[in-house]
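In: Sequence and predicted structure are below.
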Amino acid sequence: MTTKDEPLGRLDHIGIGVHSIEDARVLFEDILGAKHRYTRDHHSGDFRLGLFDLHDFCIELLEPINPERSESSGDPVFACKRRHRARFR
């Protein structure tokens, strides 16, 4: 366990919930200069993953794709993250 005075170390990646990976590509590619590596459906069928390389730092976009499971909370991105948060810890 690290103390507050010890550095955390290098981050591997960060995950961001979005409503549409395609729509978010403009920001990440054209404005921030990230390179799109791939987009694929998660094996659960609940969301799609889009991986971007931003100067050797990975950004993972998470897009809900199962409306039956993601609309229950009223916010599809929140519901997707809430159901899968244990996997991302």
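Out: That came through fine. All of these numbers come straight from a predicted model, not from anything done at the bench. Numbering: from 1, shown residues only.
In: phi, psi of residue 32?
Out: Torsion angles at residue 32 (phi, psi; degrees, to the nearest 10) stand at phi -90, psi -20.
In: what's the neighbour count on it?
Out: Counted with other Cβ atoms under 10 Å, the neighbours of residue 32 add up to 12. Every residue, glycine included, has its C-beta placed from N, CA and C.
In: can you pull the contacts of it?
Out: residue 54 (Cβ atoms under 8 Å, 6 or more residues apart in numbering).
In: what's the answer for residue 24, then?
Out: 18, 50, 61 are the contacts of residue 24 under Cβ under 8 Å, 6+ apart.
In: quick one: which of those is nearest residue 10?
Out: residue 61 (20.6 Å; Cβ to Cβ).
In: got the residue ranges for the strands in the protein?
Out: Secondary structure of the chain by DSSP state E: the strands cover 13-17, 35-41, 47-53, 58-64.
In: would a markdown table of the ones you listed with distance to residue 25, mean pLDDT and mean neighbour count be doable?
Out: Formatted as a markdown table, the strands of the chain follow (distance: least, Cβ to Cβ, whole Å; pLDDT from 0 to 100; neighbours: other Cβ atoms under 10 Å):
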| stretch | distance to residue 25 | mean pLDDT | mean neighbour count |
| --- | --- | --- | --- |
| strand 13-17 | 13 | 88 | 14 |
| strand 35-41 | 6 | 96 | 12 |
| strand 47-53 | 8 | 93 | 20 |
| strand 58-64 | 9 | 92 | 20 |
